[in-house]
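Asker: Below: sequence and its predicted model.
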Amino acid sequence: MTDRTAPPRGDAGDSDLALPEVLSDIVRTIEPEPDVERTVQRIVTAAVDTVPGVENAGVSLLARGEVRSVSPTSPVVARLDALQHELREGPCVGAVFDEPVFRTGNIGADSRWPRFGAAANELGIRSMLSVRLFTGSANLGALNLYASARAAFDDDAVQLAGLFAAHAAVALAGSARQEQLREALRTRDTIATAKGILMQRHSIGDDEAFHLLVKVSQRANRKLHDVASWLVQEVTRGA
């Protein structure tokens, strides 16, 4: 019997882990929140409560080629997630950039990640399971699961974590789209306000005000939204 840190949750004691029921529960748990951070928090909480053997969890999100740790469930996870990103070594980095799943049951002796493995072992971590979070159009990062026992994650845990990660990725993608939409609306409103200020102050039309903002943006080498925000803030302070 594979060593585990905790028995499977709920009625998942049989070989198939009652996957349809478990999966339905997970989907309800990780519906998209209004922002990415809150969605990630729900994901890591559900992971600890759902996947057999997990003691702690974290998510590493990929953006513009860089990876950042989000909502770790303990300071040890925060440190180890950051160390993997720093060293560019470890199950998380492997799951993000190489293969979809990486598992180790004795990370201190794992030759794939000698520097990270030694650090993890010193902090009391023996097993890790990292699963890529991806949709059909995007690689979002990885879900990282941690345990202090050796060989904590068996094949059933890997299967469940994979199903979990697939639905978590969909929830994350949904939150990211909501966040992008809100930011686009905020940007549009700020630019519209800045145009109104210029139109009133300089007696110019809508197009002229927009082109003036664009010229300032180009000359100052600043984003258009930043220029518009600065103008609105200056007017607000002077009011």
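Answerer: Received it, and whenever you're ready, just let me know what you need.

Asker: Provide the secondary structure category for N144.
Answerer: Following DSSP: H, G, I helix; E, B strand; the rest coil, N144 is assigned to strand.

Asker: quick one: pLDDT of it?
Answerer: Model confidence at N144, given as pLDDT, is 95.

Asker: hey, what's it bridged with?
Answerer: Counting by DSSP bridges, N144 forms beta bridges with G58, S130.

Asker: so where do the strands sit in this protein?
Answerer: For the chain, the strands defined by DSSP state E occupy 56-63, 66-70, 101-104, 127-134, 139-147.

Asker: Quick check: which of those strands is nearest to F116?
Answerer: strand 127-134 (9.5 Å; C-beta to C-beta). Bear in mind the C-beta positions are built from the backbone N, C-alpha and C, glycine included.

Asker: what's the angle from the closest one to strand 139-147?
Answerer: Strand 127-134 and strand 139-147 meet at an angle of 160 degrees, taking axes from the mean of the first three to the mean of the last three C-alpha atoms, to 10 degrees as the criterion.

Asker: next one: strand 127-134 to chain centre, how far?
Answerer: Put simply, strand 127-134 sits 12 Å off its chain's centre (C-alpha atoms, centre = their mean, to the nearest Å).

Asker: try stretch 45-60
Answerer: Worked out by C-alpha atoms, centre = their mean, stretch 45-60 lies 14 Å from the chain centre.

Asker: just stretch 220-227 next, same as before
Answerer: 28 Å.
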